[in-house]
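Visitor: Provided below for reference: sequence and predicted model.
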Amino acid sequence: MNKNILIISPYDARSHRQWREGIAAEFPQITFTVVTLPPRYFAWRHRGNSLTLAFDTRLDQHFDLILATSMTDLSALKGMKPRLADIPTILYFHENQFAYPEANADQGQLERQLTSIYSAITADHLVFNSAYNRKTFLEGTGVLLKKMPDHVPQGIMNILSDKAKVLPVPLNDDIYQIEQRKDQFSVVWNHRWEYDKGLRELQEIIKSLLLADIDFVFHLIGQQFRRSPEIMQENIDILGEHAGKIGFIESRAAYLALLASSHIVLSTAAHEFQGLAVLEAVACGCVPVVPHRLVYPELFREEYCYQDTSDAVERLISHAGQSAPDISHLSWRAQRPAWQKLFDLPL
């Protein structure tokens with residue numbers, strides 16, 4: 001029997017789009033109805049998506065299963081759209097609202113955290129893209145519930161833990177087929193140009209690398225927004241003649257080719273739940289140099305995880321010429337059976 005699955009992505013960022021497009025491509029025998037909202041106005045979108053989606057007629061047909069990202073205000077949506085109430089639902093966590101850097105906290109964070117708990121309780125299964133993501137969500141939920149002054153229901157943590165599992169966003173198989181051509185020593189930093197990606201730490205590493213008196217090219221690429229942090233222009237200026245490709249690369253083929261020509265992929269992130277950008281670079285042959293925090297110790301052995309900026313520079317230099325670790329277990333070819341099993345669950 002052909003299943004009809006509703007995919008809801010109410011903040012359809014690039015990684016979320018890659019996830020849902022990969023699923024649709026890997027399971028052509030399933031009919032997917034995909035409902036998305038643009039990735040802008042984060043606070044409004046997070047709290048208002050259920051109001052928008054409740055009046056979307058695409059949600060009026062019959063579905064066997066709902067696969068929604070954790071940005072979905074699931075409890076409110078099912079309340080306002082009663083025909084969805086009894087449909088089995090999987091809530092997929094690309095991120096959670098508890099593990100953001102303190103500098104990114106705002107007045108609406110508490111409300112978003114509570115909303116995510118409501119959605120998690122409403123869903124039949126919770127799937128996280130990393131063990132770090134699951135751990136920080138459950139720990140954050142426990143801390144928040146302890147802050148509630150009274151009338152906290154018993155057993156919530158057990159309910160959430162029992163239905164939580166880890167299933168990463170798989171890497172597209174074509175990424176493993178890119179020809180690797182590496183000439184001049186090059187480092188690539190391929191993250192969003194935002195402060196939660198460790199821009200000050202990035203600058204310290206660049207300055208220290210320049211003092212090492214080696215020949216290198218440093219690519220600063222990744223998604224940019226209307227207001228890019230001024231420190232990124234500072235970083236470009238500091239690099240000078242060592243600056244390689246700068247800014248967002250629109251063509252995916254060109255992007256992958258650049259990764260395949262680079263020796264090292266560097267992360268300075270203070271906020272990362274799976275690290276898809278780093279993983280794609282490693283799949284293209286880059287050796288990872290990543291902080292010993294967040295999801296990274298879960299992904300890579302200690303030899304790839306630095307403790308501080310001086311340690312990062314030492315590893316950037318010492319890892320040049322080494323082979324990238326094998327992460328083929330994160331490809332769609334390897335992960336597809338687990339996703340098939342998820343869709344076949346008796347929900």
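Guide: Thanks, I have it.

Visitor: correct me, but V152 touches L145?
Guide: Yes - contact criterion Cβ atoms under 8 Å: V152 and L145 qualify, at 5.4 Å. C-beta coordinates here come from the backbone N, C-alpha and C atoms, glycine included.

Visitor: Which residue of these two possesses the greater neighbour count?
Guide: Between V152 and L145, L145 has the larger neighbour count (other Cβ atoms under 10 Å), namely 14 against 11.

Visitor: which helices and strands does the helix or strand encompassing the more buried one pack with?
Guide: Here L145, judged by DSSP states H and E, is contained in helix 131-147. With contacts taken as 3 or more Cβ pairs under 8 Å, 6 or more residues apart in numbering; DSSP states H and E, helix 131-147 sits against strand 89-93, helix 109-122, strand 125-128, helix 156-162, strand 164-166.

Visitor: The helix or strand following the shortest one pairs with which strands, parallel or anti?
Guide: Think strand 164-166. Following strand 164-166 in sequence order, the next helix or strand is strand 186-190 (DSSP H and E). Take DSSP bridges as the rule and strand 186-190 pairs in its sheet with strand 217-221 (parallel), strand 264-266 (parallel).

Visitor: mean confidence score for the next helix-or-strand element following strand 186-190?
Guide: Next along the chain after strand 186-190, taking DSSP H and E as the criterion, comes helix 199-211. Averaging pLDDT along helix 199-211 yields 96.

Visitor: Report the angle between helix 199-211 and strand 186-190.
Guide: Angle of helix 199-211 versus strand 186-190, following axes from the mean of the first three to the mean of the last three Cα atoms, to 10 degrees, is 170 degrees.

Visitor: who touches helix 199-211?
Guide: 187, 189, 193, 216, 218, 229, 231-232, 234-235, 238-239, 242, 266, 268, 270, 291, 309-310, 312-313, 316-317 (Cβ atoms under 8 Å, 6 or more residues apart in numbering).

Visitor: Okay, buried residues for it please.
Guide: 199, 201-206, 209-210 (16 or more other Cβ atoms under 10 Å).

Visitor: repeat for stretch 39-49
Guide: So, applying 16+ other Cβ under 10 Å, buried residues of stretch 39-49: 39, 45-46, 49.

Visitor: chain center to that stretch: distance?
Guide: 18 Å (Cα atoms, centre = their mean, to the nearest Å).

Visitor: do stretch 142-149 as well
Guide: The answer for stretch 142-149 is 27 Å, by Cα atoms, centre = their mean.

Visitor: again with stretch 138-153
Guide: On Cα atoms, centre = their mean, the centre of stretch 138-153 falls 26 Å from the chain's centre.

Visitor: Mind listing what's buried along it?
Guide: Buried, per 16+ other Cβ under 10 Å, within stretch 138-153: 138, 140-141, 144.

Visitor: So which of those is the closest to W339?
Guide: Of all these, W339 sits closest to L138, with 22.4 Å by Cβ to Cβ.

Visitor: Check the contact between the closest one and S161; I expect there is one.
Guide: Yes - shown here, L138 and S161 form a contact pair, counting by Cβ under 8 Å, at 6.1 Å.

Visitor: which residues sit in contact with the spatially closest residue to A283 that is not a sequence neighbour?
Guide: Nearest residue to A283, sequence neighbours excluded (Cβ to Cβ, 6 or more residues apart in numbering): I175, at 4.7 Å. I175 sits next to 256, 280, 283-284, 331 when contact means Cβ under 8 Å, 6+ apart.

Visitor: Including pLDDT, neighbour count and secondary structure, could those residues go into JSON lines?
Guide: Below are the contacts of I175 laid out as JSON lines (pLDDT from 0 to 100; neighbours: other Cβ atoms under 10 Å; DSSP: H, G, I helix; E, B strand; the rest coil):
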{"residue": "L256", "pLDDT": "94", "neighbour count": "21", "secondary structure": "helix"}
{"residue": "E280", "pLDDT": "96", "neighbour count": "23", "secondary structure": "helix"}
{"residue": "A283", "pLDDT": "96", "neighbour count": "24", "secondary structure": "helix"}
{"residue": "C284", "pLDDT": "94", "neighbour count": "25", "secondary structure": "coil"}
{"residue": "S331", "pLDDT": "95", "neighbour count": "17", "secondary structure": "strand"}
